[in-house]
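**Q** no letters, just coordinates:
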């Protein structure tokens, strides 16, 4: 089974909106074993929509559309679909009740424009859009499947997950199971070299994808086959081997974030945390506090950007800074030690580095970063040499610091 | 003149990469008066590329392609283009010298695979790719223009800006001039109501686009016409009227960021800044320190997430917190006053609020935020009521605080 995606909307063609829907949909379809052959973005223009539908149906078995389902006059997808399928719009009670429910929750009155959103082509099956007023639609014609969804990403996503993917799954004929392992502190090429033997010995029905993000590499394992039980078993064995191979780099799976995992560990241990940040400039504190409920374990932070703050607020000695420099093992240790006393916590992270683009020297080039972590399980200082890009250095230093904390907290 | 964009690469169709190139290219083309009719993403597959090129050339005058120009075997765009144009690959000396230069700078040896990147179809004009080893290519056939560029965004962008757009500009036949005004502290619909009269009285050749981002609304004015001088004058007059209409919301133009503008103002005034952050959790400090060179004016920050830090480190009195609450005018003022003494700066920002999702009360719902700004120009405290979404509340509070600081620093 081959699919195509058609995204409809003028905003895509003037560059006002980046089409993130297609990549997400393509990934989800691939994950259930359906390949996407083409993605086409077109404007809200009757003839263009009709031609694109016809051309797509010649190449693909499943055609997914997003966009053009709003209540305003420029959204014409529904009437064009009626024309394409030779049918007419009819009122759909279930769709109307959904619109009513949404308006009631927001405390709004339904307008005639919104009532018209409950009208759908007679030949289609309504797909319930719990997050919005434009219903999803499922058509079948001459052995091909057509699906129309709104373009708002979170409406499209819930329709895909709740309605579309479960209905498409039986067509893919093969079972596919995935696991995504999250690693930190290792580059893609170095990681690839470390797990090369394991990777080449993977069974043929298991595929590995490297999905790098700044500071994090996700490893997605996809197992396919006829028997779900047996591929789940194989996948689980392969993943166990990977855990044994690179335990120091793996921090979670799936949609976990490092700041959430660290937060949960601190909470579980009844630990409290504070950060003393120089080059990261508050970014670690920001990551930690982006998690709802972080006040349970996070007390606060001193961003000691200037040396006088390192000395005056954190109590780093002026001699230490003049002798070893602000970016040194001695300084981050004194930053950490000063903060743990001042904030009366039992875990601290201290970071000092050269984020760049200026400030580098031959001995301490841009990217040089010292991190100190103190917890009830022990103390550790470590030097890192990141890259030349300021924003990326800040991000990598924050992730490295959180991972040092995580590793220390999970120690026995 | 009508254009189409074709992006080539398997990674787009499995959802591994979001196609951000197309939106950027579409925007740039629209900005010089060339409309984009369709965007098509296809895989590195010979026949599919040929068909897509043929179909696009029937609808459009200009066809822009990205991707498939890497040195490895799966990148086939160049050989397919030879087939399409009935030509052959020939060695291009200028392209080779560019590759040599790039390899010399990186300290690498040129491999035969890289040397092959200097071979391009005989009938095309080479477009110099200063940022990469794959040359851009310009073809003309039967009155249509075809442009092929690498898919790496920063290579494509420099090719577009340096080579492609200047060559396409003469084809657009109309002059277009743009200005983007940046506003902060006002929602899209409220802003629209405020400037409605001005908007409806705009000359016909001036178009207005609202480009909202979290906390910021960009207003893009595009003027088009035959005479560049005269449209520049009209645009300038309209923009002046807008400045007079909403001076309190405008903080910059074009690609400015609020943190950069604030940083430049502080530097110009030789002011120094520190922040005392509760609900923003270090995000303001992170924004400020994301600007290279911010150490010239930023000394640091106390993230006082727990009340005991507000008291113990910033010197907020326990009575103030128990009487008025941590989210109150009195508390943010004491946070600011404590910090300005402790950090020996002359500007401070203090923020305390309820980011959510928990912690709201009927009197102080989630989103309630107090901000205090102290500078040599004066003192101000202000209450805001943002929304329900934690991440957005943090971002909006940070932007509001930076804008309060900006407004105070520019006061006479």
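**A** Alright, I've got the coordinates. What you are looking at is a predicted structure, and each value in this text was computed from that prediction instead of being measured.
**Q** CA only for contacts and neighbour counts going forward, please
**A** Fine.
**Q** what's the local residue count around residue A:64?
**A** Neighbour count for residue A:64, taken as other CA atoms under 10 Å in any protein chain shown: 21.
**Q** and for whichever helix or strand it is part of, what's in contact with it?
**A** Using DSSP states H and E, residue A:64 sits in strand A:62-66. By CA atoms under 8 Å, 6 or more residues apart in numbering or on different chains, the residues outside strand A:62-66 that reach it are A:1-8, A:53, A:56-57, A:144-151, A:156.
**Q** nearest the middle, which residue of chain A would you pick?
**A** residue A:255 (6.7 Å; CA atoms, centre = their mean).
**Q** give me the phi and psi angles of it.
**A** Per-residue torsions, residue A:255: phi -90, psi 10 (degrees, to the nearest 10).
**Q** report pLDDT for it.
**A** In this model, residue A:255 is scored at 83, pLDDT.
**Q** does chain B have contacts with stretch A:307-320?
**A** Yes. Against chain B, stretch A:307-320 shows contacts by CA under 8 Å from any CA of the partner chain at A:309, A:313.
**Q** and if you look at stretch A:352-361?
**A** Yes. Against chain B, stretch A:352-361 shows contacts by CA under 8 Å from any CA at A:356, A:357, A:358.
**Q** sort out which of those residues are buried, if you could.
**A** Buried by 16 or more other CA atoms under 10 Å in any protein chain shown: residue A:356, out of those.
**Q** can you lay out the residues of stretch A:352-361 next to chain B as TSV showing pLDDT, secondary structure and distance to residue A:205?
**A** Converted to TSV, those look like this (pLDDT from 0 to 100; DSSP: H, G, I helix; E, B strand; the rest coil; distance: CA to CA, whole Å):
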residue	pLDDT	secondary structure	distance to residue A:205
A:356	92	coil	45
A:357	92	coil	46
A:358	92	coil	49
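**Q** which one among the residues of stretch A:352-361 next to chain B gets closest to residue B:391?
**A** Ranked by distance to residue B:391 (CA to CA), the residues of stretch A:352-361 next to chain B are led by residue A:356 at 27.3 Å.
**Q** phi first, then psi, for that closest one.
**A** phi 90, psi 180.
**Q** in what helix or strand does residue A:288 lie?
**A** Using DSSP H and E, the element containing residue A:288 is helix A:283-289.
**Q** helix or strand right after that helix?
**A** Once helix A:283-289 ends, the next helix or strand along the chain (criterion: DSSP H and E) is strand A:298-304.
**Q** okay, now the sheet partners of that next one, with direction.
**A** Strand pairing for strand A:298-304, using DSSP bridges, gives strand A:273-277 (parallel), strand B:298-304 (antiparallel).
**Q** what lies in contact with it?
**A** Strand A:298-304 is touched from outside by A:272-278, A:281-282, A:285, A:288-289, A:310, A:313-314, A:339, A:343, A:345, B:281-282, B:285, B:299-306, B:309, with contacts defined as CA under 8 Å, 6+ apart.
**Q** and that strand, how far from the chain's centre?
**A** 27 Å (CA atoms, centre = their mean, to the nearest Å).
**Q** go through the next helix or strand after that strand and flag the buried ones.
**A** Using DSSP H and E, the helix or strand that follows strand A:298-304 in sequence is helix A:307-312. Across helix A:307-312, burial judged by 16+ other CA under 10 Å covers A:307, A:308, A:309, A:310, A:311.
**Q** how long is stretch A:52-70 from one end to the other?
**A** 20 Å (CA to CA, to the nearest Å).
**Q** may I see the strands paired with strand A:298-304 arranged in TSV, with mean neighbour count and distance to residue A:87 as well?
**A** Output for these, formatted as TSV (neighbours: other CA atoms under 10 Å in any protein chain shown; distance: least, CA to CA, whole Å):
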stretch	mean neighbour count	distance to residue A:87
strand A:273-277	30	63
strand B:298-304	30	62
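**Q** could you dump the ones you listed to TSV with distance to residue A:92?
**A** Compiled in TSV, these are given as follows (distance: least, CA to CA, whole Å):
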stretch	distance to residue A:92
strand A:273-277	55
strand B:298-304	54
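**Q** got these as JSON lines, with distance to residue B:380 and mean pLDDT columns?
**A** Output for the strands paired with strand A:298-304, formatted as JSON lines (distance: least, CA to CA, whole Å; pLDDT from 0 to 100):
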{"stretch": "strand A:273-277", "distance to residue B:380": "28", "mean pLDDT": "98"}
{"stretch": "strand B:298-304", "distance to residue B:380": "19", "mean pLDDT": "98"}
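**Q** thinking again about what came up before, output the contacting helices and strands for the helix or strand just after the strand holding residue A:64.
**A** Using DSSP H and E, the helix or strand that directly follows strand A:62-66 along the chain is helix A:77-85. The contact analysis (3 or more CA pairs under 8 Å, 6 or more residues apart in numbering or on different chains; DSSP states H and E) places helix A:77-85 against helix A:46-59, strand A:119-121.
**Q** list the contacts of residue A:14.
**A** When contacts are counted by CA under 8 Å, 6+ apart, residue A:14 touches B:23, B:26, B:27, B:30, B:35, B:36.
**Q** can you pick out the most distant pair from the residues you listed?
**A** Pairwise over the contacts of residue A:14, using CA to CA, the maximum falls at B:23 and B:35, 12.3 Å.
**Q** mutual contacts of those two, please.
**A** Here residue B:23 and residue B:35 have A:13, A:14 as joint contacts, going by CA under 8 Å, 6+ apart.
**Q** picking that back up, could you give the separation of the helix holding residue A:288 from the chain centroid?
**A** With CA atoms, centre = their mean as the basis, helix A:283-289 stands 17 Å off its chain's centre.
**Q** do the same with stretch A:259-266
**A** Distance, centroid of stretch A:259-266 to centroid of chain: 17 Å (CA atoms, centre = their mean).
**Q** kindly compare burial across the helices and strands packed on helix A:77-85 and name the winner.
**A** Ranked by mean neighbour count under mean count of other CA atoms under 10 Å in any protein chain shown, these are led by strand A:119-121, which reaches a mean of 23.
**Q** after that strand comes which helix or strand?
**A** Strand A:119-121 is succeeded, C-terminally, by strand A:125-127 (DSSP H and E).
**Q** distance check, residue A:327 against residue A:367.
**A** Distance, residue A:327 to residue A:367, by CA to CA: 11 Å.
**Q** the more surrounded of the two?
**A** residue A:367 (26 against 21).
**Q** the more buried one against residue A:388, yeah?
**A** Yes. Look at residue A:367 against residue A:388 with CA atoms under 8 Å: they come within range, at 6.0 Å.
**Q** mutual contacts of these two, please.
**A** Shared contacts of residue A:367 and residue A:388, counting by CA under 8 Å, 6+ apart, come down to A:355, A:356.
**Q** tell me which residue of the stretch 101-250 of chain A lies closest to chain B.
**A** residue A:211 (7.5 Å; CA to the nearest CA).
**Q** before we move on, what SS does the nearest residue to that residue once chain neighbours are set aside have?
**A** Spatial nearest neighbour of residue A:211, chain neighbours left out: residue A:218 (4.9 Å); criterion: CA to CA, 6 or more residues apart in numbering or on different chains. Under the three-state scheme (DSSP: H, G, I helix; E, B strand; the rest coil), residue A:218 adopts strand.
**Q** partners of residue A:218 in the sheet?
**A** For residue A:218, the beta-bridge partners are residue A:182, residue A:211 (DSSP bridges).
**Q** repeat for residue A:136
**A** Going by DSSP bridges, residue A:136 forms beta bridges with residue A:127.
**Q** tell me the contacts of it?
**A** A:126, A:127, A:128, A:129, A:147, A:148, A:149, A:150, A:159.
**Q** the same query, at a cut-off of 7 Å, please.
**A** By CA atoms under 7 Å, 6 or more residues apart in numbering or on different chains, the contact set of residue A:136 is A:126, A:127, A:128, A:129, A:148, A:149, A:150.
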